[in-house]
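>>> Got a predicted structure plus its sequence, pasted below:
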Amino acid sequence: MHDVFIGLGSNLDDPVARVRAAIGALGSLDATQLVRASSLYRTKPVGYAQQPDFVNAVARLATRLPAHVLLQQLQAIEQAAGRTRSLANGPRTLDLDLLLYDGAHIATPPLAVPHPRMHARAFVLVPLVEIAPGVEIPGRGAAATLLEALGTHEVVRIGDA
């Protein structure tokens with residue numbers, strides 16, 4: 001089984017319900033088990049600021065799926081939730097990012113693992129450290145140490161997943 005972390009985010013059409021539903025969908029994937037889901041967090045948008053706040057979480061999975069197959073499954077969940085990709089960093093019904101896949105480095109289009117910007121995003125690191133306090137980001141170091149450097153003031157816990 002592969003140890004995998006998925007970042008979840010939504011800021012349209014009842015984001016709390018969308019993230020909770022996506023966590024359920026992750027646990028229903030073939031050859032996959034939901035190990036743990038973080039709390040839900042409200043965060044300010046990054047990049048394009050003229051949009052609603054996001055709801056973010058991280059889920060830990062145990063899966064037998066190869067990374068590229070898992071990515072296809074994540075994209076299918078996004079599409080079922082009405083995801084469109086019209087504006088970079090724009091509003092979205094659901095965003096699922098493959099953050100970590102074991103300790104692997106994967107760089108084959110369209111997949112980059114570890115996620116190339118996760119180490120600089122508190123909205124990813126806060127829920128990640130919540131469910132896996134000792135996790136390392138390959139090539140970057142301990143997620144908890146990276147989070148200390150960023151701070152958490154823009155990431156507010158709003159409830160359980």
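Done, it's in. Residues are numbered from 1 along each chain as shown.
>>> List the contacts of the helix or strand harbouring Glu148.
Taking DSSP states H and E as the criterion, Glu148 maps to helix 143-150. Identification of contacts with helix 143-150 by Cβ atoms under 8 Å, 6 or more residues apart in numbering yields 119-122, 125-126, 128-129, 132-137, 140. (Each C-beta comes from the backbone N, C-alpha and C, glycine too.)
>>> try it again with 6 Å
Helix 143-150 is contacted from outside by 119, 122, 125, 128-129, 133, 135, 137, using Cβ atoms under 6 Å, 6 or more residues apart in numbering.
>>> residues in contact with the residue lying closest to Asp97 once chain neighbours are set aside?
Excluding its sequence neighbours, the residue lying closest to Asp97 (Cβ to Cβ, 6 or more residues apart in numbering) is Gly7, at 4.1 Å. Residues near Gly7 by Cβ under 6 Å, 6+ apart: 58, 97, 99, 124.
>>> What's opposite Gly7 in the beta bridge?
Val58, Asp97 (DSSP bridges).
>>> Next: Ala142.
Bridge pairing for Ala142 - DSSP bridges - gives Glu136.
>>> still on that earlier bit, what I need now is the contacts of Gly7 written out in JSON lines, including pLDDT and distance to Ala161 for each item.
Converted to JSON lines, the contacts of Gly7 look like this (pLDDT from 0 to 100; distance: Cβ to Cβ, whole Å):
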{"residue": "Val58", "pLDDT": "98", "distance to Ala161": "9"}
{"residue": "Asp97", "pLDDT": "94", "distance to Ala161": "16"}
{"residue": "Leu99", "pLDDT": "98", "distance to Ala161": "16"}
{"residue": "Val124", "pLDDT": "96", "distance to Ala161": "15"}
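>>> Just flag the most distant two among those residues.
Val58 and Asp97 (9.4 Å; Cβ to Cβ).
>>> These two: which is more packed in?
Val58 (31 against 19; other Cβ atoms under 10 Å).
>>> picking up where we left off before, just the contacts of helix 143-150: which are in helices?
Those of those mapping onto helices are 122, 125, 128-129, per DSSP state H.
>>> of all these, which comes closest to Ser28?
Among the ones in helices among the contacts of helix 143-150, and counting by Cβ to Cβ, the member closest to Ser28 is Leu128, at 22.0 Å.
>>> Do I have it right that the closest one meets Val58?
Yes. At 4.8 Å, Leu128 and Val58 qualify as touching, with contact defined as Cβ atoms under 6 Å.
>>> in a strand, that's where Arg60 is, yeah?
Yes. Assessed with DSSP: H, G, I helix; E, B strand; the rest coil, Arg60 lies in a strand.
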